[in-house]
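Engineer: give the three-dimensional model of this entry:
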Amino acid sequence: MPSRHTGRRLLGRLLLALLLLVALSWLAWRWLLAAQGISQLDWQGLQLSGAGLQVDSLLLVRDGADGSRLQVSASALQLAWPQRLQLRLHLPELRSQALQLSWQAGQGASAADSDPQALLDSLAWLPRQLAVDQLSLDLPCVTGRCELLGSLHLQHGGELQQPAELRLQLQTGARSLELQAHLEQREGQWQLQAAAQLDRQPLLTLRSALREEAAVSHWKGELELVQLADSRGLFVWLQQWQSTDQHLLDTQASLRLQANWQLALAPGASLLDVERLRGGSGTFSAVLQLQSPLLQYQNLRAEGLALDLKLAGTLAEQQLQISVQPASALQAR
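Structural biologist: Presented below is the predicted three-dimensional model:
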């Protein structure tokens, strides 16, 4: 009999300890969510396997201290178990059949307040393979809210250790935008190549290279906006995110832009530190060609405009000098 009572007491203590462990785990989980600003996290159809977890539907709401709100909902979500590499966890793969993201800006938020290095560090947590077949973005715009539809595919090796590939497709109404980018380290320098298409027509190309030599970062690149016979499609896309007084071209225009630069960045702790650019040195050039039967911007009105602008510039001792080349020309009625 004593042994039976002892066993019951032991079993009761084990059950009590288990309940306490569950309660503490639940409180720790709620505290972790609250620390990250996550006010809501719901899911349905959770399945676990050796490869990872699958969720039929998921809803996440994150409230920022500045009043911003991010809401993410996903369906047919597949997430591989985290893996450890060089004493750091990373997510190998995440796939979703449909992902909806809604973002509301907070009060007083601005791009200047963001930390570029913090953004770069956060990218290391992105899954090594990210695929969204149906992407929906609900973002603030001039008319209040604008919806972008498309797809997203990303593949990288983590912390930029391997080549990274990005393919993003977005569509609003009858307008479509596609972006492809490739980043890798080759011959001692980082090389970035990117291209964009608007309405399935070439829009711009970017080629950039960054090389470290004797504690100095040498940055060179070339940006080209392909000759557009009619730039209305481009500006219709951009004007969704601009106020009315910022609208530039509302009529047909032919546009071309080309820029080149070769710079030596000043030393700094962060690659994305703006002070490295301000304290750097080098040269750049740009060519802008614009033809429009009518251009209106605020109080400016020009008819029969033909602009061929060639610029050359130098950066040294935190001073920027820009000169207009003799081959430049401007004509208007």
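
Engineer: just checking, Val324 touches Lys310?
Structural biologist: Yes. In terms of C-beta atoms under 8 Å, Val324 counts as a neighbour of Lys310; the distance is 7.1 Å. To be clear about C-beta, it is placed using only N, CA and C from the backbone, and glycine gets the same treatment.

Engineer: in this structure, which spans are helices?
Structural biologist: 2-35, 116-123, 232-238, 274-278 (DSSP state H).

Engineer: flag every buried residue along stretch 222-237.
Structural biologist: Leu223, Glu224, Leu225, Val226, Leu228, Ser231, Gly233, Leu234, Phe235, Val236, Trp237 (16 or more other C-beta atoms under 10 Å).

Engineer: report pLDDT for the third one.
Structural biologist: I take that to be Leu225. Listed pLDDT for Leu225 reads 89.

Engineer: for the fifth one, same thing?
Structural biologist: You'll see Leu228 listed with a pLDDT of 76.

Engineer: which non-adjacent residue is nearest it?
Structural biologist: Leu255 (4.8 Å; C-beta to C-beta, 6 or more residues apart in numbering).

Engineer: nearest to Gln169, of the buried residues of stretch 222-237?
Structural biologist: Trp237 (13.7 Å; C-beta to C-beta).

Engineer: touching, the closest one and Ser176? I think so.
Structural biologist: No. Trp237 is not in contact with Ser176 according to C-beta under 8 Å; the separation is 9.4 Å.

Engineer: common neighbours of those two, please.
Structural biologist: Taking C-beta atoms under 8 Å, 6 or more residues apart in numbering as the contact rule, Trp237 and Ser176 both touch Leu198.

Engineer: contacting residues for Gln252?
Structural biologist: Asp230, Ser231, Arg232, Ser292, Pro293.

Engineer: could you pull out the buried residues of stretch 178-190?
Structural biologist: Applying 16+ other C-beta under 10 Å to stretch 178-190 flags Glu178, Leu179, Ala181, Leu183, Gln189, Trp190 as buried.

Engineer: looking at those, spot the one nearest Ser285.
Structural biologist: Gln189 (21.5 Å).

Engineer: and for the closest residue to the closest one other than its chain neighbours, the neighbour number?
Structural biologist: Using C-beta to C-beta, 6+ apart and skipping the chain neighbours, the partner closest in space to Gln189 is Arg211 (3.7 Å). Using other C-beta atoms under 10 Å, Arg211 has 14 other residues around it.

Engineer: and the one 10 residues further on, by the same measure?
Structural biologist: Residues within reach of Gly221, counting by other C-beta under 10 Å, total 16.

Engineer: list the contacts for it?
Structural biologist: So Gly221 contacts Leu192, Leu206, Arg207, Ser208, Ala209, Asn260, Trp261 (C-beta under 8 Å, 6+ apart).
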